[in-house]
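J.: Sequence plus predicted model, see below.
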Amino acid sequence: MSLKAADAIIETLQAAGVRHCYGIVGDTLNALAESIERSQIEWIHVRHEEAGAFAAAAEASLTGRLTAVAGSCGPGSLHFINGLFEANRNRAPVILIASQITRSELGFDFPQEVNLTDVYRSCSVYCDMIHTPDQARRKTVIACQAAIARRGVAVLVVPVDVSTSDLTHDVPFSVHIGRPVSHPNASELEAMAQRLNAGGKVAIYGGSGCAGALPEIMAVAERLKAPVAHTSRAKDFIEPGNPYNVGMTGMLGNPAGYHAVLDCDTLLLLGADFAWRQFYPDKATIIQVDSDPTHLGRRHPIHLGVVGSVKDTLAALLPLLNQNEDSAFLKHYQARYREAKEAMRAKAAPGHDGSIPGTYLTSVINRKASQDALFCADDGTAVVWALRYLDVVGTRRTFGSLLHGTMASGLPGEKCQPGRQVIALCGDGGLAMLFGDLMTTVQEKLPIKIVVYDNSKLGFVELEQKSEGMLELYTHLENPDFGKVAQAMGLWGRTVARASEVEDAVTELLAQSGPALLHVKVRPMELVTPPHVELHAAYGMALYSTRAILHGKGGDVWEMLKENFL
């Protein structure tokens with residue numbers, strides 16, 4: 001039997017390490033689906049392509065392994081776009097096989113015709129169409145290498161008549177990926193060392209580029225007696241077992257991380273592309289290390305920028321650093337971080353009226369989850385509580401849409417690590433967006449544990465409105481009993497509304513062998529407070545309170561004060 005172009009594409013994906021392909025089949029995808037069925041790649045049938053893209057992005061981020069999604073022509077492949085923006089922004093190696101109408105009808109506004117290369121070019125590291133059957137293997141190799149080496153999304157548009165055609169000249173192209181050592185040259189390392197040795201109070205600020213470099217970071221922190229703050233995306237890579245860690249800065253951070261960065265004389269910025277300039281120090285000397293040269297100095301002016309991986313750069317730098325004997329700066333912020341953690345733990349308590357704060361719910365989940373749990377949190381208050389109240393102990397990992405900031409990314413869980421506990425922390429709005437994929441967890445036998453934080457509103461959006469002095473607009477949600485709906489779909493389901501029920505309910509949830517959903521009615525007025533309240537935000541809250549009272553909503557203001565300050 002002759003080899004089809006579809007077979008060459010799938011063979012190449014399998015050789016490149018793809019184990020799962022997420023999608024929904026359709027007419028122009030049928031030949032590729034048949035090739036997948038004959039391969040070792042497992043097809044994951046989702047109910048909405050967006051959920052498939054979120055799941056593929058999570059798998060690729062966790063494993064570093066190329067993961068695939070595939071869609072039918074026109075609307076099928078368009079549905080992946082939000083999840084692929086998420087993947088590309090998180091540097092997750094994902095490949096989209098976007099099937100297309102037949103080549104002879106392209107350009108004639110044929111039904112379901114979409115110029116997919118134009119659509120996806122802005123959220124990918126490679127985007128092209130396979131024009132002839134004999135290009136199939138070669139272009140698939142190029143796409144795979146781009147996604148893996150450049151760590152992002154590759155898009156291959158495959159017309160249906162190409163995928164079903166025989167190959168006449170199949171050249172054995174294959175994927176080759178190197179992992180070079182990358183660090184600055186000797187003179188740059190010496191310049192870094194000179195500035196750090198004379199740096200006074202040195203702080204380290206790490207981003208997601210610190211993955212795999214924790215031993216080197218701790219060694220440099222010990223040599224320089226430097227507190228280590230981190231971005232939200234670096235939590236998993238800097239927090240575990242790190243005595244120099246002082247937590248996050250930024251809007252979601254704590255006072256220790258916030259002030260350690262602002263009060264230092266010298267800041268060593270490692271693999272971080274944090275976007276908000278107000279959280280960088282204005283007077284400190286800033287030294288930046290990043291594997292991407294375009295990131296150097298693009299967020300805030302720096303004094304020295306070098307290109308290299310964090311791990312390799314710090315290993316080469318350490319022998320050049322002098323031992324700092326003055327640990328006062330470090331000890332001050334270690335103590336301040338302990339105080340901040342104690343204050344957060346004290347706040348995570350049942351409501352005085354028996355209600356359930358989201359902080360308390362998350363703290364219970366933190367205590368009861370396994371040491372290797374994977375947590376996927378929806379954008380909004382769910383991800384804030386996850387970042388603040390989940391401890392990264394053992395081999396735990398946390399995932400959230402921290403760059404793209406999209407709703408609905410919490411539910412699509414991990415297929416790639418069978419036997420590992422996966423907990424989705426979902427907002428009521430986010431869960432409802434991709435509600436149909438609760439059925440995917442049943443159909444694919446995914447033992448995901450889902451916790452719904454139901455505050456009956458788009459809570460983060462409402463908080464933004466209030467901080468701008470507005471009354472809340474269009475944020476209210478009318479929700480069903482998610483526990484009963486889950487039961488109707490074939491999951492274990494339960495709903496709780498009292499703090500006294502939470503401990504037992506979380507225990508029961510995590511004990512289920514299959515997919516399970518716990519619907520929790522959390523306090524609607526719980527605020528997310530930043531480490532530093534800026535004047536305009538405080539003014540906005542005061543203005544909101546005044547307007548609310550004038551519009552007969554004084555009870556809402558009282559509830560907000562009672563839940564957060566009394």
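T.: Yes, it's here.

J.: contacts, neighbours, all on C-alpha from now
T.: OK.

J.: Show me what secondary structure element comes after the helix ranked longest in the chain.
T.: The single longest helix within the chain, with elements called by DSSP state H, is helix 328-347. Downstream of helix 328-347, the first helix or strand assigned by DSSP states H and E is helix 358-368.

J.: Following the chain onward from that following helix, which element is next?
T.: strand 374-377.

J.: Relative to Gly250, how far out is His300?
T.: Computed as C-alpha to C-alpha, to the nearest Å, the His300 to Gly250 distance reads 14 Å.

J.: okay, Leu446: pLDDT?
T.: pLDDT for Leu446: 93.

J.: residues contacting the closest residue to it other than its chain neighbours?
T.: Nearest non-adjacent residue to Leu446, counting by C-alpha to C-alpha, 6 or more residues apart in numbering: Pro515, 6.0 Å away. Contacts for Pro515 were tallied using C-alpha atoms under 8 Å, 6 or more residues apart in numbering; they are Thr441, Val442, Lys445, Leu446, Pro447, Ile448, Lys449, Ile450, Leu491, Trp492.

J.: next one: Glu86
T.: Phe54, Ala57, Ser401, Leu403, His404, Thr406.

J.: from the chain's centre, how far out does the strand or helix carrying it sit?
T.: Assigned by DSSP H and E, Glu86 belongs to helix 81-89. With C-alpha atoms, centre = their mean, to the nearest Å as the basis, helix 81-89 stands 10 Å off its chain's centre.

J.: still on that earlier bit, how about the longest helix of the chain as PDB, C-alpha atoms only?
T.: Extracted in PDB, the C-alpha atoms of helix 328-347 (Å, rounded to 0.1, in the frame of the first residue of the first chain):
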ATOM      1  CA  ALA A 328      21.500  41.600  57.700                       C
ATOM      2  CA  PHE A 329      19.600  42.400  54.500                       C
ATOM      3  CA  LEU A 330      18.800  38.800  53.900                       C
ATOM      4  CA  LYS A 331      17.700  38.100  57.500                       C
ATOM      5  CA  HIS A 332      15.500  41.100  57.500                       C
ATOM      6  CA  TYR A 333      13.400  39.900  54.600                       C
ATOM      7  CA  GLN A 334      13.400  36.300  55.600                       C
ATOM      8  CA  ALA A 335      11.800  37.500  58.900                       C
ATOM      9  CA  ARG A 336       9.400  39.700  57.100                       C
ATOM     10  CA  TYR A 337       8.400  36.800  54.800                       C
ATOM     11  CA  ARG A 338       7.700  34.600  57.800                       C
ATOM     12  CA  GLU A 339       5.500  37.400  59.200                       C
ATOM     13  CA  ALA A 340       3.700  37.700  55.900                       C
ATOM     14  CA  LYS A 341       3.100  34.000  55.700                       C
ATOM     15  CA  GLU A 342       1.700  33.900  59.300                       C
ATOM     16  CA  ALA A 343      -0.600  36.800  58.500                       C
ATOM     17  CA  MET A 344      -1.900  35.000  55.400                       C
ATOM     18  CA  ARG A 345      -2.400  31.800  57.400                       C
ATOM     19  CA  ALA A 346      -4.300  33.600  60.100                       C
ATOM     20  CA  LYS A 347      -6.600  35.100  57.400                       C
END
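
J.: which residue is nearest the middle of this protein?
T.: In the chain, the residue lying closest to the centroid (C-alpha atoms, centre = their mean) is Gly400, at 3.5 Å.

J.: any idea how far it lies from Tyr258?
T.: From Gly400 across to Tyr258, the span is 21 Å (C-alpha to C-alpha).

J.: and what of Ala15?
T.: Ala15 is 46 Å from Tyr258, by C-alpha to C-alpha.

J.: Looking at these two, which is more packed in?
T.: Comparing Ala15 with Tyr258 by other C-alpha atoms under 10 Å, the one with more neighbours is Tyr258, at 25 against 13.

J.: so the more buried one touches Pro281, yeah?
T.: No. The criterion here is C-alpha atoms under 8 Å, and Tyr258 misses it with Pro281 at 9.9 Å.

J.: ok so, going back, just the buried ones from the contacts of Glu86, in ChimeraX syntax?
T.: Here is the ChimeraX selection string for the buried members of the contacts of Glu86, based on 16 or more other C-alpha atoms under 10 Å:
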select :54,57,401,404,406
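
J.: Just send the contacts of Pro515 back as a markdown table, with distance to Asp378, neighbour count and secondary structure too.
T.: Listed next are these as a markdown table, based on distance: C-alpha to C-alpha, whole Å; neighbours: other C-alpha atoms under 10 Å; DSSP: H, G, I helix; E, B strand; the rest coil:
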| residue | distance to Asp378 | neighbour count | secondary structure |
| --- | --- | --- | --- |
| Thr441 | 17 | 24 | helix |
| Val442 | 20 | 17 | helix |
| Lys445 | 22 | 13 | coil |
| Leu446 | 18 | 21 | coil |
| Pro447 | 18 | 24 | coil |
| Ile448 | 15 | 29 | coil |
| Lys449 | 14 | 27 | strand |
| Ile450 | 11 | 27 | strand |
| Leu491 | 20 | 23 | coil |
| Trp492 | 21 | 21 | strand |
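
J.: nearest to Ala432, of those?
T.: In terms of C-alpha to C-alpha, no member of the contacts of Pro515 lies closer to Ala432 than Ile450, at 12.7 Å.

J.: bridging residues for the closest one?
T.: Beta-bridge pairing for Ile450 (DSSP bridges): Ala424, Leu517.

J.: what do you get for the one 4 residues further on?
T.: Going by DSSP bridges, Asp454 is paired in beta bridges with Lys521.

J.: correct me, but Asn242 touches Ile217?
T.: No. Asn242 is beyond contact range of Ile217, at 9.3 Å (criterion: C-alpha under 8 Å).

J.: who has more neighbours, those two?
T.: Each of Asn242 and Ile217 has its neighbours counted (other C-alpha under 10 Å); Ile217 has more, 25 against 15.
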